[in-house]
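1. pasted the sequence and its predicted model underneath.
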Amino acid sequence: MLKYKRHFVCLIMLMAGLAPQVVLAMASDWDENEHVKVRIISAVDGVGYQESILLGLHFQLKPGWKIYWRSPGDAGFPPEPVWDGSENLKDTNISWPMPTRFSILGLETLGYKNEVVLPLAAKIAQPGQPLRLNSKIRYLACEEICIPYEAKITLDVPSGSAQPGEFVDLIESYAGRVPGTGDRHGLSIVKTVLLMGGEDPLVQIEARSHRPFVSPDVFVEGPKEVIFGKPKVALSGDGMRAVLTVMGIGLKPDELEGADLVLTLVDENRAMEVPVPLRFGELIEASETRVAMKTPLWQILLYAILGGLILNLMPCVLPVLSVKLLSVISYGGREAASVRFGFLATAAGIVTSMLVIAVALIGLKAAGMAVGWGIQFQQPLFLAFMALIVALFAYNLFGLFEIYLPQRLSDVSLRATDRPAATGHFMTGAFVTLLATPCSAPFVGTAVGFALSRETAEIISVLAALGVGLALPYLVVAAFPRLATALPRPGKWMNVLRQVMGVALAATVIWLLTVIAVQIGAEGAYVLAAMLALIGVLLLTTRLPRSRLGRHAGKLVLALSMAALAVPVVHMPSTRTAVHAETGRWQAFERTEIDRLVAFGKTVFVDVTASWCITCQVNKRVVLDTQPVAGWLDENDVVAMRADWTRPNQDITNYLANFGRFGIPFNVVYGPNAPQGIVLPELLTREIVVQAAIKSDSKSKITSR
């Protein structure tokens with residue numbers, strides 16, 4: 001008998017040990033009727049010390065039956081829960097997943113069929129205490145007839161730890177269908193107008209998307225006296241722009257002017273929601289498209305060539321001026337054929353590398369990834385590689401080693417040949433292209449924006465034209481080689497020039513290290529800088545006589561180079577949406593906040609920038625952050641927002657794409673008179689900023705002083 005008692009005790013202890021692993025599903029009983037059943041489910045197994053927990057109103061409907069959205073349309077009413085008698089409940093807030101439009105006998109209604117979970121945020125009165133929910137949910141279920149129901153539901157959530165429960169995935173899946181700001185899906189509403197004339201109000205909405213629309217729809221909510229119907233939709237040729245025209249019934253246009261609307265834009269599984277004030281405006285032409293789309297291809301190619309030529313004068317290209325200058329001087333006294341050959345090879349390197357970038361962008365676009373001009377500078381590994389290459393260029397110019405690098409920089413000394421190797425000159429062109437791509441220039445933004453919104457043939461042709469423009473100075477020298485051969489032959493004076501140009505490249509390395517510091521932190525940048533400095537020391541030992549270390553310097557330099565490229569991987573930053581928070585007069589970019597501020601009559605200036613964009617930094621230091629402009633912005637109460645694109649940021653990428661832009665710098669001014677925004681040129685002046693702000697303000701409260 002004692003033996004059985006011992007076995008029984010062991011069994012009880014085993015069951016007790018397993019008991020804590022059993023998780024009770026946090027769900028109420030179903031309240032069922034013939035057509036619908038509903039219950040409350042919880043995303044957590046306990047209240048814990050949370051101030052709010054996530055719940056869900058879970059509806060399951062028989063085939064053919066539906067319930068209604070918060071704004072039901074021509075008929076019906078949405079589910080209306082009442083929480084009388086609940087304990088430890090402070091407040092609730094229901095979120096509404098995007099609905100389906102139902103068209104029956106000329107009636108337009110919005111709602112849900114089959115199954116839906118309405119996410120419900122329950123605020124806790126006393127965190128740490130259990131929650132008891134007593135709910136009466138009044139709702140209308142319809143098929144060919146409509147039947148009102150009332151469900152009575154009770155759910156107890158204990159005070160234990162707020163661990164994710166059985167229903168967390170179900171609730172979050174429907175929470176993901178709740179319309180957001182649109183940035184996540186690349187959707188935006190850029191203009192909303194109330195048309196004058198007619199008995200019934202007619203509202204036009206211009207929407208844009210970073211990928212072609214499929215079946216756009218819009219749900220309009222406004223004053224209770226007005227019911228808005230199904231929109232008429234007109235798409236642009238590329239499908240990236242939609243004009244939706246909606247008629248309202250219940251008020252006259254004059255009575256609706258000034259009303260606040262809530263617009264919910266839906267396209268397949270994408271949705272966005274935005275509040276807008278309704279104002280009279282001119283008819284939006286359905287045939288209107290982006291400027292780039294209306295411009296013929298030959299004109300875009302001309303823009304690309306001009307943009308590439310101007311890119312040679314932009315601050316982004318200043319770091320490679322030393323390479324360009326030395327390449328010209330090195331031809332002093334040479335034969336014309338040798339000069340022509342070298343410059344044609346460099347031009348070929350520029351155009352070919354631009355085509356390589358085009359192919360890479362086509363591949364990224366085909367894979368559904370974000371594309372942009374200069375996005376390779378968002379990757380710390382690429383920056384580390386460029387810092388290493390430029391540092392080796394500088395060490396070569398300082399005379400620490402002689403090796404045939406791009407353009408055969410060693411060739412700029414007294415050594416001159418009749419026919420330099422094509423590989424060196426070709427690689428110089430590639431080097432010029434890589435350092436020229438971080439920033440945009442006049443005409444470049446228009447051309448690249450056109451290309452990246454079109455198909456493969458346009459991308460290749462436009463970027464090839466851009467390469468031709470960038471290579472145009474080299475092609476001119478190749479056509480007129482006397483421009484280079486007339487220079488004196490290289491001599492001792494070249495050694496001084498090499499040192500000066502080496503300093504210029506060293507400054508480029510420092511710039512790249514500062515960008516890396518922003519992306520992966522100062523510690524990683526310091527480690528990389530130390531490695532690059534050590535590589536220089538090792539190369540110096542090769543110049544010292546009888547140096548044992550110098551014998552193995554080559555292997556050590558190769559090992560250190562590999563280690564330097566590993567630094568960004570080791571110091572890879574956490575996934576953050578922004579590189580740093582803006583302080584002072586500049587606030588962090590937030591797309592939905594722009595609409596709200598403009599609705600309240602504010603003027604908003606947006607600066608899209610990055611640490612790797614030299615033109616952006618020039619705009620900051622010469623214009624935006626100087627006292628004349630910064631003080632003027634403060635005096636006139638202009639809200640200044642800065643979007644930092646130093647690291648990949650999908651919201652900023654989508655924002656740029658909505659304007660047909662894929663590169664920076666990019667600046668926009670919004671105001672009551674320009675809610676869709678006024679795009680500014682790449683290079684800013686005080687006058688450009690001030691005049692755009694004045695133009696965007698309908699009340700003219702802004703002065704130019």
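-> Structure's in. What do you need? If you're wondering where the values come from, they're calculated on a predicted model, not measured in any experiment. Residues are numbered from 1 along each chain as shown.

2. centre of the chain to stretch 659-670, how far?
-> Distance of stretch 659-670 from its chain centroid, counting by C-alpha atoms, centre = their mean, to the nearest Å, is 12 Å.

3. pLDDT averaged over that stretch, what's the number?
-> Regarding stretch 659-670, the rounded mean pLDDT is 84.

4. and stretch 154-169, by the same measure?
-> Here stretch 154-169 scores 90 as its mean pLDDT.

5. residues making contact with that stretch?
-> For stretch 154-169, the external contacting residues (C-beta atoms under 8 Å, 6 or more residues apart in numbering) are 23, 25-28, 40-50, 53-56, 58, 128-135. Every residue, glycine included, has its C-beta placed from N, CA and C.

6. let's see it at 7 Å
-> 23, 25-28, 40-48, 50, 53, 56, 128-134 (C-beta atoms under 7 Å, 6 or more residues apart in numbering).

7. any chance of a ChimeraX selection covering the buried ones in those residues?
-> Selection of buried members from these for ChimeraX, criterion 16 or more other C-beta atoms under 10 Å:
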select :26,27,28,40,41,42,43,44,45,46,47,48,53,56,131,133
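
8. contacting residues for L261?
-> Listed by C-beta under 7 Å, 6+ apart, the contact set of L261 reads 220-222, 276, 278.

9. and the furthest pair within these?
-> Largest separation among the contacts of L261 by C-beta to C-beta: E221 and L278, giving 11.6 Å.

10. quick one, which of these two is more surrounded?
-> L278 (21 against 17; other C-beta atoms under 10 Å).

11. what are the phi and psi angles of V608?
-> Per-residue torsions, V608: phi -90, psi 120 (degrees, to the nearest 10).

12. wait, it touches A643, no?
-> Yes - using C-beta atoms under 7 Å, V608 makes contact with A643 at a distance of 4.5 Å.

13. joint contacts of these two?
-> I652.

14. quick check: which ranges of the stretch 51-200 of the chain have low pLDDT?
-> Scanning the stretch 51-200 of the chain with the threshold set as pLDDT under 70 gives 104-106, 197-198.

15. can you map out the helices along it?
-> 168-175 (DSSP state H, counting those that start in this stretch).

16. show me where it has its strands.
-> Secondary structure of the stretch 51-200 of the chain by DSSP state E, counting those that start in this stretch: the strands cover 52-61, 66-73, 80-82, 89-94, 100-104, 107-113, 115-124, 131-142, 146-157, 187-195.

17. JSON lines for the ones you listed, including distance to L383?
-> As requested, the strands of the stretch 51-200 of the chain are exported to JSON lines (distance: least, C-beta to C-beta, whole Å):
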{"stretch": "strand 52-61", "distance to L383": "40"}
{"stretch": "strand 66-73", "distance to L383": "48"}
{"stretch": "strand 80-82", "distance to L383": "53"}
{"stretch": "strand 89-94", "distance to L383": "44"}
{"stretch": "strand 100-104", "distance to L383": "47"}
{"stretch": "strand 107-113", "distance to L383": "49"}
{"stretch": "strand 115-124", "distance to L383": "41"}
{"stretch": "strand 131-142", "distance to L383": "51"}
{"stretch": "strand 146-157", "distance to L383": "50"}
{"stretch": "strand 187-195", "distance to L383": "31"}
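
18. so which of the ones you listed is nearest A360?
-> Short answer: strand 187-195, nearest of the strands of the stretch 51-200 of the chain by C-beta to C-beta, at 26.5 Å.

19. residues contacting the closest one, please?
-> By C-beta under 7 Å, 6+ apart, strand 187-195 touches 182, 201-209, 253, 256-257, 263, 265, 270, 272, 274, 276, 278-284, 658, 675-676.

20. can I get that strand as PDB, trimmed to CA atoms?
-> Taking Å, rounded to 0.1, in the frame of the first residue of the first chain, the C-alpha atoms of strand 187-195 are listed here in PDB:
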ATOM      1  CA  LEU A 187       0.800  56.000 -51.000                       C
ATOM      2  CA  SER A 188       0.000  59.700 -50.600                       C
ATOM      3  CA  ILE A 189      -2.900  62.100 -51.200                       C
ATOM      4  CA  VAL A 190      -1.400  65.300 -52.600                       C
ATOM      5  CA  LYS A 191      -4.400  67.400 -53.400                       C
ATOM      6  CA  THR A 192      -8.100  67.600 -52.400                       C
ATOM      7  CA  VAL A 193     -10.500  70.200 -53.900                       C
ATOM      8  CA  LEU A 194     -14.200  71.000 -53.800                       C
ATOM      9  CA  LEU A 195     -15.500  71.900 -57.200                       C
END
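
21. run the chain-centre distance for it.
-> The chain centroid and the centroid of strand 187-195 are separated by 22 Å, computed with C-alpha atoms, centre = their mean.

22. which parts of that strand are buried?
-> By neighbour count with 16+ other C-beta under 10 Å, strand 187-195 contains the buried residues 187-189, 191-195.

23. could you do stretch 223-231 as well?
-> Of all the residues in stretch 223-231, those buried under the rule 16+ other C-beta under 10 Å are 226-229, 231.

24. in those residues, find the pair that's most separated.
-> Across the buried residues of stretch 223-231, no pair lies farther apart than V226 and P231, at 14.6 Å, counting by C-beta to C-beta.

25. W511 is in what secondary structure piece?
-> Element membership for W511 (DSSP states H and E) is helix 493-520.

26. quick check: domain ranges of the chain?
-> Here the domain parsing of the chain from automatic domain parsing is 26-175, 183-289, 293-570, 586-696.

27. mean pLDDT lowest where, among the ones you listed?
-> Lowest mean pLDDT of those: domain 293-570, a mean of 75.
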